[in-house]
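>>> need a 3D model of the following:
(one chain, ligands or ions: 1)
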Amino acid sequence: MDLHKLYLSEQLEGIKSGKFSSTELTTHYLERISKFDEDLNSFITVTEDQAIAKAKKSDERYKNNTNLPLDGLPIAHKDIFCTKDVLTTCGSKMLSNFEAPYSSTVFEKLDNEGMVMLGKTNMDEFAMGSSNETSYFGPVKNPWNTEYVPGGSSGGSASCVSAELAPVATATDTGGSIRQPASLCGLTGIKPTYGRVSRYGMIAFASSLDQGGVVARSAADAALILEAMCGHDPKDSTSLNLERPDLTTNLNNPIKGMKIGLPKEFFEKEMPSYVEKSIEDAISIYKDLGAEIVEVSLPNINLSLPIYYIIAPAECSANLSRYDGVRYGYRCEDPKDIEDLYMRTREEGFGNEVKRRILIGTYALSAGYYDAYYLKAQKCRQLVANDFKEVFKNIDVLLSPTTPGTSFKAGEKTNDPIAMYLQDIFTIPANLAGLPGLSIPCGENAGLPLGLQLVGNSLEEDKLLQFAHSYQLNTDWHSKMPDIS
Ligand code: GLN
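Residues are numbered from 1 along each chain as shown. All right, here's what the predicted structure looks like:
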């Protein structure tokens, strides 16, 4: 049986009813990984023995009727989430020997529901990138066409789910790293409201923007897993003090009468005609479902990219100062003295993109420039957040493309950081405002998928998923998968 063709709820049902066991399902995915991942490079670590042991335990629980809510379902974790005694590299040479002494809350929560970790997925180094070409462990390929990038920074998570080497994967989004790769790999990816998912044990890039989430093959699958990841965590001071939300009960509710806003500033940008056409088609599906479409304005939204490229590097320069070769991670050989230890460890341990961000961030935070850059960016960030607040008084969700186009060829943008940064032009604003956003497949061009982005008001992940699910009940873009067999 093609077990990898089943959605998560079908897999769960199959295990529950005894059609197949978690061990069979897990083995099926491990075999697919060993067959197809050499080329894709979507995993950094495959935890084969552990996975089989976990799956066997899960099968026992079913026998004893002590099974947990998501018992026996396999999952891949982005290698940014600490996993006790398992290599956790964050895609960097700096952590290439780091076995985490504790697990992230995200891992713990899913583990406590009985999920089986298949391995840790490849990613851009310290989650900086939009193409998954900055990983110390080599670039990841897009399963739709291996000459193309899967997007980044959660490229490994997107690539492995798209190739059906895992049914679902965790991911993180600081400026678009869940939604952009979901768009380029034909998946559903959701970043929740800032603070919904604990950042404890999730290696920090830019702490005020980083948020964990999930990439899956459908909105229903994403809802099932995201729900289990949410909830207050006293170990993360920015975790929202809220109960775990119910994201699945209302999925099937109609969206009739709800309002979709089209941000005028986004649609003024020049778009390839296939993007325009796919978005228009999606809008007309929503109209048929009874949604009302209104044009809205977010007057400060065009400041988002420059704001992000001050704030994110500033925060990363502070967060990454802990990698000094003293406590853990990579250490240079034979340092002459302490200064040599710091300098050579950081020079040898970090890749070019990470160094570029540290330099920009250190500069923006330096005494002479703090007010002119960092403080100014923070003020402008508030303007963007206020724009969203204003429009959400009158609408339910915002709709736009997720990315300016479909995937691009490996190497095409590596020498032009600005062109790479522009990939996130539509996704970054939601991070600045801490709002939930998702991407669903809505079209294709030349055999490569394209995503539609929906951004919701704070804490309205349920509504976003409801919009995504009703679209998926009426279209089949999400069920198209690349042929990699
Ligand atoms: N591409 C963006 C960056 O490189 C966003 C990355 C992310 O969301 N982690 O900063």
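>>> every contact and neighbour count from this point should use C-alpha atoms.
OK.
>>> residue 230 and residue 70, how far apart?
Applying CA to CA, to the nearest Å, the value for residue 230 to residue 70 is 14 Å.
>>> hmm, I typed the wrong one, I wanted residue 312.
35 Å.
>>> same check, this time on residue 466
Taking CA to CA, one finds residue 466 at 21 Å from residue 70.
>>> residue 239 now?
Counting by CA to CA, the gap from residue 239 to residue 70 is 23 Å.
>>> with neighbour numbers in mind, choose between those two.
Neighbours per residue (other CA atoms under 10 Å) separate residue 239 from residue 70, with residue 70 holding more: 22 against 19.
>>> output the lowest mean pLDDT helix or strand found in the chain.
helix 417-421 (a mean of 91; mean pLDDT, DSSP states H and E).
>>> what sits closest to residue 304 if chain neighbours are left out?
Closest residue to residue 304 apart from its sequence neighbours, by CA to CA, 6 or more residues apart in numbering: residue 429 at 5.6 Å.
>>> got a list of what that neighbour touches?
Residues in contact with residue 429 (CA atoms under 8 Å, 6 or more residues apart in numbering) are 175, 301, 304, 305, 384.
>>> which helix or which strand is home to the fourth one?
Spelled out, it's residue 305. helix 304-319 (DSSP states H and E).
>>> show the pLDDT at the residue nearest the centre of the chain.
Centroid-nearest residue in the chain: residue 178, 2.4 Å away (criterion: CA atoms, centre = their mean). Looking at residue 178, its pLDDT is 98.
>>> would you mind listing what in the protein touches the ligand?
Contacts of the chain with the ligand, taken as CA under 6 Å from any ligand atom, map to 127, 128, 129, 130, 153, 173, 174, 175, 176, 177.
>>> and the second one, how many residues sit next to it?
Meaning residue 128. 27.
>>> for it, give me its contacts.
134, 152, 153, 205, 353, 354.
>>> which one of those residues is nearest the ligand?
residue 153 (5.3 Å; CA to the nearest ligand atom).
>>> burial measure for the closest one, as a count.
Residue 153, neighbours per other CA under 10 Å, totals 35.
>>> give me the element residue 11 is part of.
Judged by DSSP H and E, residue 11 forms part of helix 8-16.
>>> run through who's touching that helix.
3, 20, 21, 22, 62, 70, 71, 72, 73, 167, 221.
>>> 10 Å instead?
Residues from elsewhere that reach helix 8-16 (CA atoms under 10 Å, 6 or more residues apart in numbering): 3-7, 17-25, 58-59, 62-63, 65, 67, 69-74, 167-168, 216-218, 220-222, 224-225.
>>> how about stretch 141-157, which residues are buried there?
Across stretch 141-157, burial judged by 16 or more other CA atoms under 10 Å covers 141-145, 148-157.
>>> return the member of the residues you listed nearest to the ligand.
The closest of these, once distances to the ligand are taken by CA to the nearest ligand atom, is residue 153, at 5.3 Å.
>>> which residues does that closest one contact?
78, 91, 122-135, 171-181.
>>> got it, and residue 240?
Counting by CA under 10 Å, 6+ apart, residue 240 touches 193, 194, 195, 196, 197, 198, 230, 231, 232, 233, 234.
>>> can you rerun that using 8 Å?
Residues in contact with residue 240 (CA under 8 Å, 6+ apart) are 195, 196, 231, 232, 233.
>>> narrow the residues you listed to those in helices?
Taking DSSP state H, every one of these sits outside helices.
>>> highest neighbour count among those residues?
Neighbour-wise, the contacts of residue 240 (other CA under 10 Å) top out at residue 196, 29 neighbours.
>>> in this structure that residue contacts residue 239, no?
Yes - judged on CA atoms under 8 Å, residue 196 makes contact with residue 239 at a distance of 6.3 Å.
>>> just to confirm, which helix or strand has the closest residue to residue 315 other than its chain neighbours in it?
In this structure, residue 315 finds its nearest non-sequential neighbour in residue 206, 4.9 Å apart by CA to CA, 6+ apart. Assignment of secondary structure by DSSP H and E places residue 206 within no helix or strand.
>>> do a quick rundown of the helices in the stretch 51-200 of the chain.
105-112, 155-162, 179-185 (DSSP state H, counting those that start in this stretch).
>>> before we move on, what about the stretch 351-485 of the chain?
Under the criterion DSSP H, counting those that start in this stretch, the stretch 351-485 of the chain contains helices at 352-365, 376-391, 417-421, 428-433, 461-474.
>>> make JSON lines from the ones you listed and add distance to residue 13 to it.
Shown next, in JSON lines, are those (distance: least, CA to CA, whole Å):
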{"stretch": "helix 352-365", "distance to residue 13": "44"}
{"stretch": "helix 376-391", "distance to residue 13": "40"}
{"stretch": "helix 417-421", "distance to residue 13": "42"}
{"stretch": "helix 428-433", "distance to residue 13": "35"}
{"stretch": "helix 461-474", "distance to residue 13": "20"}
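>>> tell me which of those helices is the most buried.
Counting by mean count of other CA atoms under 10 Å, helix 428-433 has the highest mean neighbour count of these, with a mean of 26.
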